[in-house]
Structures are given as C-alpha cells and as structure tokens.
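**Student:** have a look; sequence and predicted model below, questions after that.
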Amino acid sequence: MSLDKATVAKIARLARIKVPDDDLAALAGELSNILDWIEQLNEVDTRDVPPMTHVAAMKLKWRQDEVTGAAPRDDVIANAPEERDGFFTVPKVLE
Amino acid sequence: MAGLADLTLAEARDGLRNKDFSALELAEAEITAVEAARGLNAFITETPERALAQAQRSDARLAKGEGLALDGLPLAIKDLFCTEGTLTTAASHILDGFTPRYESTVTAKLWAAGAVMLGKTNLDEFAMGSSSTQSHYGPVENPWRQAGEDRPLVPGGSSGGSAAAVAARAGLGATGTDTGGSIRQPASFCGVVGMKPTYGRCSRFGIVAFASSLDQAGPFARTVRDCAILLGAMAGYDPRDSTSADVEVPDFEAALSGDVRGLKVGIPDEYRVDGMGGEIEKLWRQGIDWLEGAGAETVEISLPHTRYALPCYYILAPAEASANLARYDGVRYGLRVPGDSIDEMYENTRAEGFGQEVKRRVLIGTYVLSAGYYDAYYLKAQRVRTLISRDFTEAFEKADVILTPTTPSAAFAVGEKMDDPIAMYLNDVFTVPASLAGLPGISLPAGLSDAGLPLGLQLIGRAFDEETVLRTAGVLEDAAAFDARPGRGVGE
C-alpha cells in the first residue's frame, strides 16, 4: 500500500497533528514501508475466524448505578495549561 | 553503608526485619546509588526527600514489629505510573508539568505495602519503543558495555530506565509496563529479571495508556524471588479497571519450590528465526539442558502463526494508541501551543508535543481505523490475533510452560536502528506473541554474549499461571548462576 502526500495530509488532519508540507513526502515513504510490511497478514486465511476483542474469556462486571469517584473541581482543573474561574479555556469556537 | 544497595530485595527485607540496618540507612545507600548512576539518565525525576520520609515511617513500623510486606524497600517507578504530587511525564513533551492528583493502583499498593519511592524512571515516549532513546528527556544508557569498548548501548525499551536502574543497583526493584515486550526485552538487555504477568493481573488504573488491550504492569528485580515478592504486592483486582481480573493472588514467593521434575517444557520450532545470532541459539540449547538436568521433560511444540505476530501487533497497538492519545489536546493538562482556532491549537500542540515515533504510530493507527480501511487492517489483525492465541492454547495442551530466547540479539548501540522503524520493531519478535495472547512471561539473565553482554531466556505460561513460570525461572536461575555485573554507573 503506497500512501501519497494527499493521503498523509488527510490522516494528519484526522489525527490533529500539524505536518508541514515539506515533511509529507518523507512521511508518506515511511508510513508506506510500514504498511507494506504489515500487509503480509493477507497471507493468513482468516475466513470463519472471529476477531479477538479481549484476551480473557471474562465477563465484564456489573455495579450499582451510582455516582462514584467524582474528583473535586480543583483537582480536575489543577493541571490545565489555561483556566479561568475554575473552567478550562479554549480558543473561541463561536463567532 | 556501602554494600546495602547491592543486596537483593529479599536480603534487604530480611535484614530490615532482623534490624541489621534501618530503612533510613538503606534509603540513604540507595539515594547515593541513584546519584552515582546519573550518567545513565535512567531517572527523569529523583525523589530523595520522599524516600527518606517513607523510610522513616517504615522504621517506626519495623521498630514496633508491625513491618509490612515491602516495608522500607526502595524501588524505582517507571514514569508511566501516575504518582500523586510527583511529576509524571510518560517521557513526553506533551505532558509538561503534569502532576497527578491521584495515584495509580499499582503504586498505591506498593506504598500501602511499605515500599519507598526513589524516583520516576525514563522510558520511550508513551512506552512506544524498544530502545529508551525516544524520550523527550534524552536517551537512557545501558550500564553494560561490550568487552573492551566504551560505546554507549541502549538498555532496551520501553521500560529501559527501570531496567538500567536495577542493573546499576539504583533500586532493589522497579516497576515497568509491557505492551509488546517493554519489560522482558530491557530486562534481557540489562541482565536483570523482568516479568509481564497475565493481562488483567495488575490494574491499569492510573497508568498512562498506550494500547489498552495489551498494556500490563510488572516488576523488575535482580532475582526471580524478588520479582515474585514485588508481583505479589502489585497484583490484585481493582474495580477501577474494567479489565482487571477478579482472581485470587497466590503467594508467588511460595511457588519457588525449586522442583520442576516431570514438568513439560515446550520448545517452539517457529522461534528459530532468520537473523538470530548463533550465541542466542546456543543459550536456548543450554536452557533446555538445564531444565532437563533438573528433571523437566522438553516437548516440541508448534506456534504456526508466530511470524504474523509483529505485523498484527503493529496494527492493533497503533490503532489503540491513536484513540488513547486523542486526549492530549492542550486543554486539560500538559503542553498547549496557541493557534487561531481550536483545531489549529490542537494541531500545533500535538505537532510540538509528540515525538517522531509517537506521531508515526498515531498516524498509522488513524489510517488503519479510518473509513474504508478498518476491515482490511484492524479487523484482519483482530482475527489473526485469535489465531495466535489459539496457537498457544493448543501448545499448552502438550506443555506446561514454554521456553524461548527473549530477544534475537544482545543490546545494540545508541543511534543504531533509528532510521529503520521495522528493524527496531523486530526486537520484539519473541515477546509480542505472548502479549497478544495476554499470557504471563518472564525474562531472566542466563549468560553472556561473545562480546560480554547479557542475554535473556524467556518463559511463557498459561493465563494466570505465573506460579509455574516463576518456579521454572527459579530453577533456570540457579542453573545459570548468572553473577556478571555491568561496569558503568554502579557506585562502589
């Protein structure tokens, strides 16, 4: 699978990572190499094989539907790079 | 108090109980050893004041005869475990200044058992790597050197700081996490013992997430017994991790009976891979002879999908990572790089905050999960994972435990394999399969390479049968009598 620059730019956008245009070609090469190597999985016949979503045949536990472990607001906000009046802040999203 | 840092964890425990020395004296000796090992860059944060304060509390309990399981025993903590009030970085720029307001379950259990924290150890950023060179805080150096050379070698990764610290006697033991080999491979490179328990054995609560279906915490130490002691304190059900297993934690130390008579040890033919050094093959043969000499029986087993484990892993782990790392958005913690819009702020923050390998994996993960490719990559890999797991299930009908090399080579030089991600990924060829199957594995030092570097053997067990793994490892350890010591960073 060979990725072109436009595809890498699209993935980078989906992943919200800024990639300068000058870096796209090199990154496309690197990612294509990894994908080529990964594609050896196509040799494996997986018809009728169920996908594994958990390693242990374990049932998830049920618990009472109660509020638990809610952290105090000061703790939640303590590591915010920017806060105002006890709230997280972000750049303006509405005009 | 020279020499205290050289004790094994079990010896130090017994010495404290016998009042041969105090927890404070032990902590002071370990703090000195951590300082002496600074050239290795094994620690991101040292916490000597905290160590001394904890040691004093241990001494108070020990004086009253109320000593806890790990009372007064100094440990190094991989900087992927959240520690309340102590900087937690995951070796990433994007977690700049992050000081958790809560404690991971595993470390909370260690402190509740009386253990003492020496500091937080360096690692590959977000535990993504096999060399501990991919850290925002600079590469970790292996305390070992090739005979007659002074070229710095990698300690393996991602838990390279923990492995290097334990090898350099800067900590009686350490915590690590293992997603595809991140405990076992550095243990092998640094000549120490490292164990990844069964998935679900230790809580993942408060561990910075990489690939949640694979991540598992485990111990490093210089002996199998020490690992057993640490694992006993780290393990246990935790309602705050939905994948934590509600199973009883056995007395792992008591499993070390030294008796493997009649035990069936599986030898998988598929682990004889191209490019594996002759000395690795020889060591493996030696391991077989040791176990047979102790009365175990070896049986040929087949794990036919072994060669597909790495490509399978390099779909699943990046896919999970791309989802887990979505939380680093410059809003709630860590680094924030301004932008004109919220999206630009996200993009700038993540571009500056993530290192090269992390970006590579997030992008691969985003791609394999994206519309149109999900079935071809992600679902395909999940199906292959089923086959890899079945291989082990069938093998364990014939064998009680599996013996393999831990890595296809000894430690390599800092800077090597950096421009070839796939060459780096191949380090984990022997450790990834057990990770995908969620099985317990241990690496223990079994010999030296021709160049004088440590080489590890790996034992893999059935799910939740750490006891057989540890028992077998104990027998191998006795037979190997590995007593070589690294030359660098070790205070005398």
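**Tutor:** Great, that's in hand.
**Student:** any idea how far chain B is from residue A:73?
**Tutor:** 11 Å (Cβ to the nearest Cβ, to the nearest Å). All C-beta spots, glycine's among them, are computed from the backbone N, C-alpha and C.
**Student:** so that residue is in contact with residue A:88, correct?
**Tutor:** No: Residue A:73 sits out of contact with residue A:88 when judged by Cβ atoms under 8 Å, with a separation of 10.7 Å.
**Student:** more neighbours, these two?
**Tutor:** When residue A:73 and residue A:88 are compared for neighbours, residue A:88 comes out ahead with 15 against 10, by other Cβ atoms under 10 Å in any protein chain shown.
**Student:** is it true that that one touches residue B:332?
**Tutor:** Yes: if you go by Cβ under 8 Å, residue A:88 and residue B:332 touch, sitting 6.2 Å apart.
**Student:** mind listing the shared neighbours of these two?
**Tutor:** Common contacts of residue A:88 and residue B:332 (Cβ atoms under 8 Å, 6 or more residues apart in numbering or on different chains): residue A:80.
**Student:** now residue B:103: closest residue in space that isn't a chain neighbour?
**Tutor:** residue B:84 (4.4 Å; Cβ to Cβ, 6 or more residues apart in numbering or on different chains).
**Student:** quick check: residue B:95 touching residue B:89?
**Tutor:** Yes: the pair residue B:95 and residue B:89 passes the contact test of Cβ under 8 Å, sitting 5.0 Å apart.
**Student:** count the residues that sit near residue B:161.
**Tutor:** Using other Cβ under 10 Å: residue B:161 sits among 34 other residues.
**Student:** can I assume it sits in a strand?
**Tutor:** No: assignment of residue B:161 by DSSP: H, G, I helix; E, B strand; the rest coil gives helix, placing it outside any strand.
**Student:** contacting residues around it?
**Tutor:** B:41-44, B:76, B:78-79, B:121-123, B:132, B:140, B:155.
**Student:** just the closest of the residues you listed to residue B:196, please.
**Tutor:** residue B:78 (12.8 Å; Cβ to Cβ).
**Student:** for the closest one, phi and psi?
**Tutor:** Reported as degrees, to the nearest 10, the phi and psi values for residue B:78 are phi -60, psi 140.
**Student:** got it, and the one 5 residues further on?
**Tutor:** Dihedral angles of residue B:83 (phi, psi; degrees, to the nearest 10) stand at phi -120, psi 120.
**Student:** what residues are up against it?
**Tutor:** Here residue B:83 is in contact with B:77, B:100, B:103-104, B:107, B:117, B:120 (criterion: Cβ under 8 Å, 6+ apart).
**Student:** how much space between it and chain A?
**Tutor:** From residue B:83 across to chain A, the span is 13 Å (Cβ to the nearest Cβ).
**Student:** still on that earlier bit, so the residue nearest to residue B:103 sits against residue B:104, correct?
**Tutor:** No: if you go by Cβ under 8 Å, residue B:84 and residue B:104 don't touch, sitting 9.1 Å apart.
**Student:** so between those two, which is more surrounded?
**Tutor:** residue B:104 (27 against 16).
**Student:** now that one, nearest residue through space, not along the chain?
**Tutor:** Closest to residue B:104 by Cβ to Cβ, 6+ apart is residue B:206, at 2.8 Å.
**Student:** my guess is the one you found meets residue B:101, correct?
**Tutor:** No: counting by Cβ under 8 Å, residue B:206 stays clear of residue B:101, with 10.9 Å between them.
**Student:** the more surrounded of those two?
**Tutor:** Applying other Cβ under 10 Å to residue B:206 and residue B:101 shows that residue B:206 carries more neighbours, namely 23 against 15.
**Student:** overlap in contacts of residue B:84 and residue B:104?
**Tutor:** By Cβ under 8 Å, 6+ apart, no residue touches both residue B:84 and residue B:104.
**Student:** if I've got this straight, residue B:445 is in a helix?
**Tutor:** No: Residue B:445: not assigned to a helix; according to three-state DSSP it is strand.
**Student:** before we move on, back to that, are any of the contacts of residue B:83 buried, and which?
**Tutor:** Buried members of those, counted by 16 or more other Cβ atoms under 10 Å in any protein chain shown: B:77, B:100, B:103-104, B:107, B:117, B:120.
**Student:** show me the strands in the chain, by range?
**Tutor:** You didn't say which chain, so I picked chain A. A:83-84, A:87-88 (DSSP state E).
**Student:** I was thinking of chain B, sorry if that wasn't clear
**Tutor:** B:43-46, B:74-78, B:116-121, B:173-178, B:193-196, B:216-221, B:264-268, B:297-301, B:401-405, B:441-448, B:454-461.
**Student:** pull up the pairing partners for the first one, direction included.
**Tutor:** What that stands for is strand B:43-46. Strand pairing for strand B:43-46, using DSSP bridges, gives strand B:116-121 (antiparallel).
**Student:** just how off-centre is the partner strand within its chain?
**Tutor:** Here the centre of strand B:116-121 is set off from its chain's centre by 15 Å, with Cα atoms, centre = their mean, to the nearest Å.
**Student:** same check, this time on stretch B:248-257
**Tutor:** That offset, for stretch B:248-257, works out to 20 Å (Cα atoms, centre = their mean).
**Student:** ditto for stretch B:343-361
**Tutor:** In terms of Cα atoms, centre = their mean, the centre of stretch B:343-361 is found 26 Å from the chain centre.
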